[in-house]
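Asker: give the three-dimensional model of this entry:
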Amino acid sequence: MKSLLTERVVASPQPTVVDLVWLEEGNTPPSDSVLDRALPELLRLSENEIDQLWESLGRLAIDDLALSDATLLAMRRPYLCAEDSLEILVSSAIGYLQSLFLSDSPFDEFLEAALAEISARVGRDVRPSADSLSSQSFISGVAEGFGALPLSAIPGTDLLESCLGDQRVHRIGDLSGVSESSLFRVAGFGALTLRVARMCWSLREELIWLSGLGKPPDGAEPPRSLCDEMRLALSMSIALAPGGSREKAIRVVLRRLGVESGSPMTLEEAASAFGLTRQRIRQIEAKAVNALDVTAFLAELVPLRVDIFCTLAAHGWGMLTAELARDLADRRGWADSPSVEALEAVTAMLPECDADSAEEVVLLAGAGCSQCDAMAAVLDEITTDGSAIAVSEVRSRLVRAAPDTRRECAMCAEHDPKVFAALLDIALEGQVDLVRNEDGWLLPHAQSGRRPNSLAFRAQDALRRSGRCMHFREVAAVLAKDNPTKAPPTPRNVYAALERVPDAVSWDAGSFIHKECMPFPYQVVRGVEEWITERFNSPAPPQMLSVHGVYQRFEGDCVSHGVPSELALYSLLRMSGEPSLVYPQYPQIHWQVRGTIRAEASPCARIGRLRAQCQRACDYGRTAPIRHG
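Answerer: Sure thing, here's the model as predicted:
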């Protein structure tokens, strides 16, 4: 039933509650608004001064203001012409005068020239004062239900940032103390602030209209549960004849969604509850869904949709379904919180919510984290670095980066891990070719073949997190502690796993260090390579050098630069990759030009090499052969 009804609603796209807030310039501001008053009123001129202006400005034209050609061209003809009388300055509302211009800068020039002309005519400098403007809050009386609605989600309200950027106005509730007088005190008198005032009055009208939707008739009881809300919406939007047939259809829909029963009923359970067959229940469902007027259904649910949107937006664009249920019950005044299953069935139908949200999570459609600059920066860093990273560490990086890139959203640290993972999946949708999320790890394309649950992957991560050299037995102990519910890996298997991982470098007897944490003293390594090359180029060159003798020669420099053993030096030399030197197996160093290394050795030679290798392992206290690859 859930999928059937959801498909029916999704097939008929509807505007979200934010889309319903349509800011039109045609809305009429209050009579005491600056937009509805003429300049003489704003300037507090006396009656004698106004009469003087009528007489003197009536003999002048707009051309006499000496405006620039650009301003004259910017006037919205034919409503305003350069030959028109300047009486328009005295008789017209300031909002009407602004509407005659196509952009702000020409109107500001026109306004400045008009104020200069009026000052000259009355014999004193006159300017609008904030004290003469309305102190009525733009959204007085309508902020209660919409306080958490983010302004950034409403088209056109970005003007507020440019006008009130220092006032931290990010949500509807932040406007509760903003009025025309406070607006002009902060930003001054000009075209931008006049436009912001017009936008705020328009926003107020839209919020008043939305507040009136879905209100019960006078004397009627308000809905006391999600079931009441859905029953009312269905009864107003299912186009079946009133009576037992429609009432039964509504009850079947509510029970199948789990809204009335607490959990969704199967066809078998619904059939038993109504004393009908499974096939008859299926027929009633189909008839009810086909008779549903989707537009009327969603219109009846607007108050609930607004509360859901505001609650989710106030919690960083996503919440656990159980938490949303509790918050909605408090906000809507319901007697009990709805069940998780019922609320998920309802939110999946709403255009404000993501129908594909993970289980037990509700997200807003187009969740803000997918457009978050901090999220994009962290994902770019991971992709560029090319190393796998745990989702928990991604979250930590995001929390550190968010204050600098997205100050109005600081919810990353407060999200439940399930919510954060769901938001992260949305952000990754556009980067599937660059990075993927698997088993709690982000794997860049360079690591696409890795398996996060494998022993090699976990051992390498433990090594990286330690930031130092670790013995393989110590790594095994860390892995056992990280997953106490699982059988701990044996030290022998951990050693074998680390031998296979390219980022784990042999550093001492039975010890490894991660590539990200190891020192690489370039000058020391280069000096060692030059010394080895010099030995091979001597008049009587050796066939092969042992790293043991090389380390003894440079032991002081190596130890002072964090290279504690000949095995560590051998690893650094192999990583350096001097093309004339070859490292076929520890501890041998060969010269590429003079010496040759056979690709295939005889069986006897291989057995002899294996015996020598086992002997070295015993000498070093190892439990497995040394890696040669």
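
Asker: the nearest residue to Gly258 once chain neighbours are set aside: helix or strand, and which one exactly?
Answerer: Once flanking residues are discounted, Gly258 sits nearest to Pro264: 3.8 Å by Cβ to Cβ, 6 or more residues apart in numbering. Bear in mind the C-beta positions are built from the backbone N, C-alpha and C, glycine included. Per DSSP states H and E: Pro264 is located in neither a helix nor a strand.

Asker: what's the pLDDT at Pro264?
Answerer: Here the pLDDT value assigned to Pro264 is 85.

Asker: okay, it and Leu328: tell me how far apart.
Answerer: 19 Å (Cβ to Cβ, to the nearest Å).

Asker: what do you get for Trp334?
Answerer: 7 Å.

Asker: thinking again about what came up before, count of neighbours near the residue nearest to Gly258?
Answerer: Taking other Cβ atoms under 10 Å as the criterion, the count of residues near Pro264 is 19.

Asker: and Thr383, by the same measure?
Answerer: 15.

Asker: any idea of the mean pLDDT in stretch 515-526?
Answerer: The average pLDDT within stretch 515-526 is 90.

Asker: mind listing residues that contact it?
Answerer: 387, 463-464, 466-468, 503-505, 507, 554, 557-558, 561-563, 572-573, 575-576 (Cβ atoms under 8 Å, 6 or more residues apart in numbering).

Asker: buried subset of these?
Answerer: 387, 463-464, 503-505, 507, 554, 558, 561, 563, 572-573 (16 or more other Cβ atoms under 10 Å).

Asker: so which of these belong to strands?
Answerer: The members of the buried ones among the contacts of stretch 515-526 that map onto strands under DSSP state E are Ala504, Val505, Trp507.

Asker: any shared contact partners between Trp334 and Leu328?
Answerer: Contacts common to Trp334 and Leu328, judged by Cβ under 8 Å, 6+ apart, are Leu226.

Asker: helices of the stretch 301-450 of the chain, start to end?
Answerer: 302-314, 321-332, 340-347, 373-385, 391-405, 417-428 (DSSP state H, counting those that start in this stretch).

Asker: reformat the ones you listed as CSV; add mean pLDDT and distance to Pro542.
Answerer: Listed next are these as CSV, based on pLDDT from 0 to 100; distance: least, Cβ to Cβ, whole Å:
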stretch, mean pLDDT, distance to Pro542
helix 302-314, 87, 73
helix 321-332, 92, 72
helix 340-347, 90, 74
helix 373-385, 75, 41
helix 391-405, 73, 48
helix 417-428, 81, 55
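
Asker: how deep is Asn493 tucked in, by neighbour count?
Answerer: Asn493, neighbours per other Cβ under 10 Å, totals 17.

Asker: quick check, nearest of the ones in strands among the buried ones among the contacts of stretch 515-526 to His590?
Answerer: Val505 (20.9 Å; Cβ to Cβ).

Asker: these two touch, right, that closest one and Ile513?
Answerer: Yes: between Val505 and Ile513 there is a contact under Cβ atoms under 8 Å: 5.4 Å.

Asker: Thr533: neighbour count?
Answerer: Thr533, neighbours per other Cβ under 10 Å, totals 13.

Asker: any idea how far stretch 29-41 is from the middle of the chain?
Answerer: Its chain's C-alpha centre lies 42 Å from the corresponding centre of stretch 29-41 when counted by Cα atoms, centre = their mean, to the nearest Å.

Asker: which other residues reach it?
Answerer: 28, 42, 49-50, 53, 89-95, 98, 114-115, 118, 128, 132-134, 136, 180, 184, 194, 197-198, 201.

Asker: for the chain, which segments count as strands?
Answerer: Going by DSSP E, the chain shows strands at 318-320, 361-363, 389-390, 435-438, 441-444, 470-471, 504-508, 511-514, 545-546, 581-582, 588-591.

Asker: tell me the most buried of those strands?
Answerer: With neighbours defined by mean count of other Cβ atoms under 10 Å, none of those is more surrounded on average than strand 361-363, at a mean of 27.

Asker: now Leu60: closest residue in space that isn't a chain neighbour?
Answerer: Distances taken as Cβ to Cβ, 6+ apart place Leu86 nearest to Leu60, at 4.5 Å, with adjacent residues excluded.
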